[in-house]
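**Student:** Output the structure for:
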Amino acid sequence: MTLAVLFTLALLVIATVLLVAHPLSRPAPDVVDDGHEDLLAEREALLRALRDLDDQVDRGEQDADAVHAERSRLRGRAARVLAQLDALPPVPTRPNASVARPALLTLLVMAALVGVGALTVLPRWQLAGLSTGEAKAVQEVVQIPALRATATRTGTEASLLAWGRAAFAAGRYAEAAQAYASALKQNPQQPEALRRLGIYLVTQGDPKNVQQAFLLVRGAAQLAPKDPESQLFLGFALTHFGEDEAALKALQTYQKLDPSGRDADETITAIRTRLGQSTPGTRVYAASCASCHGPDGRGGIGPNLHLSNLTRAQAQDVILHGRGAMPAFPNLKGEELRGVLDLVMKWQAEP
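**Tutor:** Below is the predicted model:
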């Protein structure tokens, strides 16, 4: 190990001692702030942002497909906040003075390990604080330049698809479209390239390209009908043309092919509302509950309501007063409250 590395590690350890030892040396209060209020505020802000997106789509101010990426980001963050809230202890306390010294020694050891790790395996250490999806997205972005260079140099279908996948996963849809268009020159019947290029062009809304773009998406669904993404993108494309019944069928097929997939939830709810397949209870559920529990109550970032075993009175209490990470809805009354309870009880009785 070089002198510079040893010096850097020594500075890290000294800084950690100074930062940790000072607060631990002071009298500890009985209770510490566990961040509960901050998490609650963030939860409300995220849920409000999700509802605002849905409202914008319902009012026609935003296209459902156009806000898909932002909705997915908000839901991912909301899921992490809800998990943190559920994990909080009821009365968190700080360690007393008798445990301060062992805690300090433990932190010193951890600091040394972090210092060594930061100097030896920095890329993995940087990704450790991210969720699996976020870490994968970062890795995809890092790989894009090399994949682009390889695809440009070789021009093979496999290299072009690898470049397109990385760009698509990173949200660089225009670059992904470029890669997939080149891949289709190699293989005009490549389903992934067809549907991803097609859905990108559909969402651009260019009248010159939109019909041809739809044909690409539909062709991909015909070539790979059992691929969940083929049915998902077909459903999205059909909603763009106002074909709600056909879109609903495609999106329900997507749900059967990928039961854990949540990408179609909001669109399905919006379609059912437009088709009039709604009651006061389902309208309230779609506006306030579906973003967490899914359009059919089968779970998302919130639990699966079909697996609940609450009585009607218990369910009403949870709805009105909240529980754990679930917010309260004290203003829900009358026909709307009865409708939501009827829906929950109906789902509990279903397999």
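**Student:** How many residues are close by the residue nearest to residue 309 when sequence neighbours are not counted?
**Tutor:** Leaving out its chain neighbours, the residue that sits closest to residue 309 by Cβ to Cβ, 6 or more residues apart in numbering is residue 348, at 6.9 Å. Glycine gets a C-beta too; all of them are placed from N, C-alpha and C. By other Cβ atoms under 10 Å, the residues close to residue 348 number 17.
**Student:** Where does residue 348 sit, in terms of helix or strand?
**Tutor:** Using DSSP states H and E, residue 348 falls within helix 334-349.
**Student:** same for that helix, what does it pack against?
**Tutor:** With contacts taken as 3 or more Cβ pairs under 8 Å, 6 or more residues apart in numbering; DSSP states H and E, helix 334-349 sits against helix 280-288, helix 312-321.
**Student:** ok, now how distant is the residue nearest to residue 309 from residue 268?
**Tutor:** Computed with Cβ to Cβ, to the nearest Å, the distance linking residue 348 and residue 268 is 21 Å.
**Student:** hang on, the earlier thing: of the helices and strands packed on helix 334-349, which shows the lowest average pLDDT?
**Tutor:** The weakest mean pLDDT among the helices and strands packed on helix 334-349 belongs to helix 280-288, with a mean of 77.
**Student:** If you count neighbours, what's buried in it?
**Tutor:** Neighbour-count burial for helix 280-288 flags 281, 282, 283, 284, 285, 286, 288 (criterion: 16 or more other Cβ atoms under 10 Å).
**Student:** and which of the residues you listed is nearest to residue 162?
**Tutor:** Distance to residue 162 across these (Cβ to Cβ) is lowest for residue 286, with 39.1 Å.
**Student:** Is the closest one in contact with residue 269, as I believe?
**Tutor:** Yes. Residue 286 is within contact range of residue 269, at 4.4 Å (criterion: Cβ atoms under 8 Å).
**Student:** Please enumerate the shared neighbours of these two.
**Tutor:** Between them, residue 286 and residue 269 share these contacting residues under Cβ atoms under 8 Å, 6 or more residues apart in numbering: residue 295.
**Student:** that older thread, run through the residues that contact the residue nearest to residue 309.
**Tutor:** 305, 306, 308, 309, 310.
**Student:** What's the local residue count around the third one?
**Tutor:** If you count neighbours by other Cβ under 10 Å, residue 308 ends up with 16.
**Student:** coming back round to it: adding secondary structure, pLDDT and distance to residue 78, write the contacts of residue 348 out as a markdown table.
**Tutor:** Converted to a markdown table, these look like this (DSSP: H, G, I helix; E, B strand; the rest coil; pLDDT from 0 to 100; distance: Cβ to Cβ, whole Å):
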| residue | secondary structure | pLDDT | distance to residue 78 |
| --- | --- | --- | --- |
| 305 | helix | 85 | 18 |
| 306 | helix | 86 | 21 |
| 308 | coil | 84 | 20 |
| 309 | coil | 86 | 25 |
| 310 | coil | 85 | 23 |
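**Student:** Quick check: the farthest pair among these?
**Tutor:** Across these (Cβ to Cβ), the longest gap, 12.0 Å, separates 306 and 310.
**Student:** Can you find the helix or strand of the protein with the lowest average pLDDT?
**Tutor:** helix 122-127 (a mean of 45; mean pLDDT, DSSP states H and E).
**Student:** Name the helix or strand for the residue most central in space within the chain, please.
**Tutor:** Residue closest to the average C-alpha location in the chain (Cα atoms, centre = their mean): residue 76, at 3.0 Å. Take DSSP H and E as the rule and residue 76 turns out to sit in helix 68-87.
**Student:** Leaving out the residues flanking it, which one is nearest to residue 70?
**Tutor:** Nearest to residue 70 is residue 53, by Cβ to Cβ, 6+ apart, at 6.7 Å.
**Student:** In three-state terms, label the one you found for me.
**Tutor:** helix (DSSP: H, G, I helix; E, B strand; the rest coil).
**Student:** Report pLDDT for it.
**Tutor:** The model reports residue 53 with a pLDDT of 75.
**Student:** Could you pull up the contacting residues of it?
**Tutor:** Residue 53 touches 62, 67, 70, 71, 74, counting by Cβ under 8 Å, 6+ apart.
**Student:** Hmm, the last one is touching residue 51, no?
**Tutor:** Going back to what we said before, that points to residue 74. No. Using Cβ under 8 Å as the test, residue 74 is too far from residue 51 to be in contact (10.2 Å).
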